[in-house]
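A.B. asks: Got a predicted model here, sequence first, then my questions.
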Amino acid sequence: MGLADNPQMEDYSLRYTPAAFRKWSPWMVFLSCLVGISAMAGYALDAAFVDAFGFENSLIGFGVAAVVTLPLTLVIAFAIARKHVDIDLLTRGSGFGYLGSTLTSLVYATYTLIFLAYEGAIMAQAVTALTQLDIHISYVVVSAVMIPLTLYGMSFSAKFQAWTWPIWIALIGLALGTAATAPDAGHNMTHPATVSPAGLAGLTVLAVFTIAAAQLSLATQVGEQGDYLRLMPDPTAKNKGRWRLAVIMGGPGFALFAVGIFFASTLLVGYASTKVGPDQVGVPVDLFTTVYERLTGNHTVALILAGLLVLLSQIKINIMNTYSGSLSWSNFFSRLLHRHPGRAAWVFLQVGLSLVLMEIDIFSHIVEVLAWYSNVGVAWIAAMVADLVINKRWLKLAPPDLVFHRAHLYNVNPVGFGSMIVAGAVSMVAYYGAFGATAAALSPFIALVVAIVLPPIVALATKGRWYIARESVLPENDGELPCAVCGGDYDVTDMATCPFHDGTICSLCCSTEGACKDACKPSAWRPPKGATPLGMPKFAPAEEKPAPELEVA
C-alpha cells in the first residue's frame, strides 16, 4: 500500500472530508485545535516585545491585533467547519481559482515552516540544557522526532493531544502559581527589570501598531486550526451549541488565548527578570527553570521540570506545525507536478526545511521575520474573507456555493488572486519605506484594507465570470461515486464528470492528471464568449455525458 492509499496517514488531504471519516466529537476536535496555547513561542515572543516596547505598549498592541484578527478568522473557521475542506480548497473557491491558490499554499506552507523551525529551536534549547548536546545536534534530534509523530495524522494526534493536556496543565499551573506568589509579582509583571530604555519611554501609537502589525501574522494561524476544524462532525439539533462553541474557541478563539498567554508570560518574565538577564528570560527553558527554582529550591530539579514542560509543549505544537505543513506542501506540489505521493511524504520535506531554518538561527530573528510575513499573510486572509462575506453573501457577486474542483474552476480568478497580489505589493512597498516610517510600521494594516476593498470592486468589474468554468451533472442526493482513475469510491461532493476519462473523477485524481490538458473546459484561463455572469458556459452541462448511476454508501 502506498502512502497516498493509507487512510490513517492521508486524512483525506487535498479533498473533501466525508462524514464517515469525521468520527471525532466537537470536544476532541477542539482539544486538537487548542494545542496552539501550549506553544512556547508565545512566551519567547512576549518577552521580546515587552523588553523592546514595555508592558503597556505590548498589551495594547496585542489587543489591537486580536480585535482585527477575530472577525477574519471567525469567517474562515466557520466556512471550513461547515464545508469540511482545508484552507487551500476554501481559497480555491473564494476568488483565487485553481492555480491562483497555489501561491497561497506556498504562503501557508511558509507560515507553518516558520513556526515549526522557531518552536523546534526552542525545543532544541531544552534538549541541550538537559543533555549538554551541542545545539546544532539538538536541532537534528528534535527534527527527527517529529517525523514518526506526524505520519499518522489526526488518528494519532487527537489521542496524543487529549492524553497530554493534564500533564501540561499541571506543569504550567505550578509555574504560574509560583510566579504569582512571589513578592511584588504585579509590579515586576508590568515593570520587568530587563526592559530596554526604549521600552521605558511610555505609551506611543507607533509602538502599539508596530507590535500589532507583527501579531497580525497570526491571522494565518486559522489555517492550522482549519486542518482540524474540517474534521468537525455535522451540526445537529443535539450538538449545535457545543459545535458552535468548539468552532469559535478552536478557531478565532486563538486570538483570545494569545492575549491570555501574554498575561501568563509577562507574569513569568516579571519574576525571572529579577533573577536573570534578558537573554535568559527570552529562552523558555531558562525562563521556567528560574521560576521552578523558587518552587523547588534545587536547580537540577527545576531544570528537569522546565525541560519536561518545554519538550511536551513543543511536541504538541510541532505535531500541528508539521501536519499542517505536510498538507500545504501536498496542495502546492500536486498542482505543479501533477503527482501526489501522499501527505506523509511531505512530512520529510517540512521537517528538512525547518532544520535548515534552525541551523541559520531563525530564533534570533523571529520578530523581523513575522513583521515581513504579516504583509503577505494578511493580504491572503483578508481577500478570502472579503469574497466569502462581501461578494458571496452581501452583494451576490459570486456563486454562493463553494466550488473547489480543478474541473470546475478557471486557473486564476482575478477577484481574490489579483486583490491579494496588489495588496501584498502595496504593503511591501510601504514596508520598505517608500511612504515613510509610519507607513512602514503599519504596512500589514495597509495590506488588510486594500485586500478587503479590492475583491468586490474586481468582482463587479468582471461580473463574476471568473468563478466557475463549467458544471458537472451529478446526483444531488448523498452517496458515493466511483473514480474512473483510481477506482476508489468517494463522496459525491468530491466528484466531477470527466470527458477525458469518460466517467466521474475524484478531486485528487483530477488535480494530478497531467495528460488531459483541461479537456473538460473550453478555456482554463479566461471565460469564453457566451459565458454567463457567473462564468459557466451555457452549453457545458448539456454536452457532457450523464453521470453514472449513484451508488449509495
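C.D. replies: Arrived safely. Numbers count the residues shown, from 1 in each chain.

A.B. asks: In space, not sequence, find me the middle residue of the protein.
C.D. replies: By CA atoms, centre = their mean, the mean C-alpha position of the chain lies nearest to G223, the distance being 2.7 Å.

A.B. asks: That residue contacts L90, doesn't it?
C.D. replies: No: between G223 and L90 there is no contact, the gap being 9.3 Å when judged by CB atoms under 8 Å. (Glycine included, C-beta is placed from N, CA and C.)

A.B. asks: picking that back up, got the contact list for the residue nearest to the centre of the chain?
C.D. replies: D86, I87, Y108, Y111, T112, S324, S328 (CB atoms under 8 Å, 6 or more residues apart in numbering).

A.B. asks: For the closest residue to the third one other than its chain neighbours, which residues are in contact?
C.D. replies: For Y108, ignoring the flanking residues on the chain, the nearest one in space by CB to CB, 6 or more residues apart in numbering is S328 at 4.5 Å. S328 makes contacts with D88, S105, L106, Y108, A109, T112, G223, as judged by CB under 8 Å, 6+ apart.

A.B. asks: The helix or strand where S328 lies - what's its average pLDDT?
C.D. replies: Under the criterion of DSSP states H and E, S328 resides in helix 299-337. Regarding helix 299-337, the rounded mean pLDDT is 90.

A.B. asks: one step back: and which of the contacts of G223 is nearest to C486?
C.D. replies: Lowest distance from C486 to the contacts of G223 (CB to CB) belongs to D86, with 19.7 Å.

A.B. asks: What pLDDT is listed against E476?
C.D. replies: 71.

A.B. asks: any idea how far it is from T493?
C.D. replies: As judged by CB to CB, to the nearest Å, E476 and T493 stand 11 Å apart.

A.B. asks: Those two: which is more packed in?
C.D. replies: Higher neighbour count among E476 and T493: T493, with 21 against 6, using other CB atoms under 10 Å.

A.B. asks: ok, the more buried one touching Y16?
C.D. replies: Yes: using CB under 8 Å as the test, T493 is close enough to Y16 to be in contact (4.9 Å).

A.B. asks: Just the endpoints, please. Distance across stretch 123-143?
C.D. replies: Stretch 123-143 has an end-to-end distance of 10 Å (CA to CA, to the nearest Å).

A.B. asks: Outside of it itself, list whatever touches it.
C.D. replies: 40, 120-121, 283-286, 289, 303-304, 306-307, 310-311, 314-315, 318, 351-352, 354-355, 358-359, 363.

A.B. asks: Please indicate which of those are buried?
C.D. replies: Buried subset of the contacts of stretch 123-143 (neighbour count, 16 or more other CB atoms under 10 Å): 40, 120-121, 283-286, 289, 303, 306-307, 310-311, 314-315, 318, 351, 354-355, 358, 363.

A.B. asks: any idea which helix or strand carries M420?
C.D. replies: Under the assignment here (DSSP H and E), M420 is part of helix 419-431.

A.B. asks: same for that helix, what does it pack against?
C.D. replies: Secondary-structure packing of helix 419-431 (3 or more CB pairs under 8 Å, 6 or more residues apart in numbering; DSSP states H and E): helix 366-385, helix 437-441, helix 443-462.

A.B. asks: could you redo the ones you listed as a markdown table and give each row mean pLDDT and mean neighbour count?
C.D. replies: Listed next are the helices and strands packed on helix 419-431 as a markdown table, based on pLDDT from 0 to 100; neighbours: other CB atoms under 10 Å:
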| stretch | mean pLDDT | mean neighbour count |
| --- | --- | --- |
| helix 366-385 | 93 | 24 |
| helix 437-441 | 90 | 16 |
| helix 443-462 | 96 | 22 |
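
A.B. asks: okay if I get those as TSV plus distance to T210?
C.D. replies: Below are the helices and strands packed on helix 419-431 laid out as TSV (distance: least, CB to CB, whole Å):
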stretch	distance to T210
helix 366-385	8
helix 437-441	5
helix 443-462	10
